[in-house]
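A.B. asks: need a structure here:
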Amino acid sequence: MTQAHRPITIADVAHQARVSAMTVSNVINNKPNVRPQTRQRVLDAIEETGYRVNPMARALAGGRGRMLSVVTRQLNLPYVSEVLMGAAEAADTLAYDLVVLMAGQRPSSDLSVMSRLAVGALLIQPDHHTRLSPAELPEHVVSVDGPSGRPLGVDNYGGARQAMTHLLGLGHTRIATITGLGAHLPDPTTGRPTRDTARDDGQERLRAYHDAMHAAGLRVPRGYVQQGDYTKASGEAATRRLLHLTRPPTAIFAACDAMAVGAIHVAQDLGLRVPDDLSVVGFDGLPIASESNPQLTTVRQPLHEIGAAAVHLLVQLAEGGTPPQPPLFTTELIVRGSTAPPGLSLTTRALAAPTDSRVPMVPGG
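C.D. replies: Numbers count the residues shown, from 1 in each chain. As a prediction, the model looks like this:
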């Protein structure tokens, strides 16, 4: 094998920097017992030789490592992708490696081994499919939209209340909701409530819906609360059930943008006009919200920032810090073309409201 094709090793870096292989290892693992001038010489040699650290090998060798794991079940969800992009950018800035582990796509033993090799784990929307025991996780764990580890997320209750306040303020009284995962709904066979206790985003948004209706003196008609799972398909199915009720709603609050877009498509397929015949509000503020026709009124949550904050928190913990628990992130109501007063003509609606106005949300508001 020629030098041009032979993998660069620590020995090559040591030779280039005129130090021992142990010194190179100490620099790679950020050990403090290296003089600044020597450390810089090693870093220069790493760049000159093109040496690339293998985080897996370093972890297996017992080093502290600079690898973080992300555990999620549905990588294809826009919500997860947005969080992951923010996490990846922060990890790159902090010179940490990020490995994504798909729960349910590999044997749990493989998943736990990979997770334990990391210095910290980020769980995105953990549910019973992504739950690992403490023994299967690294010491430091942060979760997004779930109580596992140190939870990060937005004020789900306050954001949902703002969405409901918007619809009520427009004059809607027949408001239905499509819930998210974890919502507290009766089991159709036993009649007993069911809830995935690993997450509370769906539950908080449903609680806000009920509280807003109660505060407005409105009764929730039978069938107005439909179960969804944060997919467009579940939003479509739920909307078909809602619009075939004897007294269908004039507005739908969907617990995520994907389900809201599904609601718009079904309404249009059935010959209804959005928002003239049906107003729709989503939750997330994903790119699909501004790409739908009409553009979707939604509660935006800063998913990019949440992903970055999760990584910063994990790195602080892994490096021996004691950071405070971050507060709930604020949401923002973005009013677009999918909502209007019930029965208002298109011409009047266009004159009555801007197409894109933003109302900042304060936690607990």
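A.B. asks: Flag the shaky bits of the stretch 201-350 of the chain, pLDDT-wise.
C.D. replies: Applying pLDDT under 70 to the stretch 201-350 of the chain picks out residues 344-350.
A.B. asks: mind listing the strands for it?
C.D. replies: Taking DSSP state E, counting those that start in this stretch as the criterion, the stretch 201-350 of the chain contains strands spanning 225-226, 251-254, 279-284, 297-300, 332-335.
A.B. asks: could these go into a markdown table alongside distance to Arg41 and mean neighbour count?
C.D. replies: For the C-beta atoms, the positions are set from N, CA and C on the backbone; glycine is no exception. Shown next, in a markdown table, are these (distance: least, C-beta to C-beta, whole Å; neighbours: other C-beta atoms under 10 Å):
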| stretch | distance to Arg41 | mean neighbour count |
| --- | --- | --- |
| strand 225-226 | 65 | 20 |
| strand 251-254 | 58 | 31 |
| strand 279-284 | 49 | 30 |
| strand 297-300 | 48 | 28 |
| strand 332-335 | 49 | 19 |
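A.B. asks: can you list the ones you listed in a markdown table and add distance to Glu291?
C.D. replies: Output for the strands of the stretch 201-350 of the chain, formatted as a markdown table (distance: least, C-beta to C-beta, whole Å):
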| stretch | distance to Glu291 |
| --- | --- |
| strand 225-226 | 24 |
| strand 251-254 | 16 |
| strand 279-284 | 12 |
| strand 297-300 | 12 |
| strand 332-335 | 13 |
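A.B. asks: what's the closest of those to Ile10?
C.D. replies: strand 279-284 (45.3 Å; C-beta to C-beta).
A.B. asks: Packing partners of that closest one?
C.D. replies: Applying 3 or more C-beta pairs under 8 Å, 6 or more residues apart in numbering; DSSP states H and E, one finds that strand 279-284 contacts helix 156-169, strand 251-254, helix 257-269, strand 297-300.
A.B. asks: try 6 Å
C.D. replies: Judged by 3 or more C-beta pairs under 6 Å, 6 or more residues apart in numbering; DSSP states H and E, strand 279-284 is in contact with strand 251-254, helix 257-269, strand 297-300.
A.B. asks: Starting from that strand, tell me which strands it pairs with and how they run.
C.D. replies: strand 251-254 (parallel), strand 297-300 (parallel) (DSSP bridges).
A.B. asks: quick one: Ala216 from Gly50, how far?
C.D. replies: Distance of Ala216 to Gly50, given as C-beta to C-beta, to the nearest Å: 65 Å.
A.B. asks: rewinding a little: now for the strands paired with strand 279-284, which one comes closest to Asn156?
C.D. replies: Of those, the one closest to Asn156 (C-beta to C-beta) turns out to be strand 297-300, at 9.1 Å.
A.B. asks: what's in contact with that closest one?
C.D. replies: 159, 163, 257, 281-283, 285, 289, 331-336, 338-339 (C-beta atoms under 6 Å, 6 or more residues apart in numbering).
A.B. asks: so which of those comes closest to Thr93?
C.D. replies: Using C-beta to C-beta, the contacts of strand 297-300 come closest to Thr93 at Gly285, 23.4 Å.
A.B. asks: and that closest one, how many neighbours?
C.D. replies: When neighbours are defined as other C-beta atoms under 10 Å, Gly285 has 22 of them.
A.B. asks: Could you tell me the phi and psi values at it?
C.D. replies: phi 80, psi 40 (degrees, to the nearest 10).
A.B. asks: who's in contact with it?
C.D. replies: Going by C-beta under 6 Å, 6+ apart, Gly285 touches Thr298, Arg300.
A.B. asks: Please report how far it lies from Ile306.
C.D. replies: Distance from Gly285 to Ile306, by C-beta to C-beta: 12 Å.
A.B. asks: And for Arg18?
C.D. replies: Arg18 is 45 Å from Ile306, by C-beta to C-beta.
A.B. asks: Show me where this structure has its helices.
C.D. replies: All helices of the chain, identified by DSSP state H, fall at 10-17, 21-28, 36-49, 55-60, 78-93, 108-117, 156-169, 201-215, 232-243, 257-269, 287-291, 303-318, 346-352.
A.B. asks: Redo these as CSV? Include distance to Val71.
C.D. replies: Listed next are the helices of the chain as CSV, based on distance: least, C-beta to C-beta, whole Å:
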stretch, distance to Val71
helix 10-17, 31
helix 21-28, 26
helix 36-49, 30
helix 55-60, 16
helix 78-93, 11
helix 108-117, 6
helix 156-169, 21
helix 201-215, 17
helix 232-243, 23
helix 257-269, 21
helix 287-291, 24
helix 303-318, 12
helix 346-352, 44
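A.B. asks: Please identify the most buried of those.
C.D. replies: helix 257-269 (a mean of 24; mean count of other C-beta atoms under 10 Å).
A.B. asks: Can you name every helix or strand that it contacts?
C.D. replies: Using 3+ C-beta pairs under 6 Å, 6+ apart, helix 257-269 is in contact with helix 232-243, strand 251-254, strand 279-284, helix 287-291.
A.B. asks: Now distance to Val42 too, for these, in CSV please.
C.D. replies: Output for these, formatted as CSV (distance: least, C-beta to C-beta, whole Å):
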stretch, distance to Val42
helix 232-243, 51
strand 251-254, 54
strand 279-284, 45
helix 287-291, 43
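A.B. asks: low-scoring stretches of the stretch 51-200 of the chain, by residue?
C.D. replies: For the stretch 51-200 of the chain, the ranges with pLDDT under 70 are 53-65, 103-117, 126-137, 146-149, 182-199.
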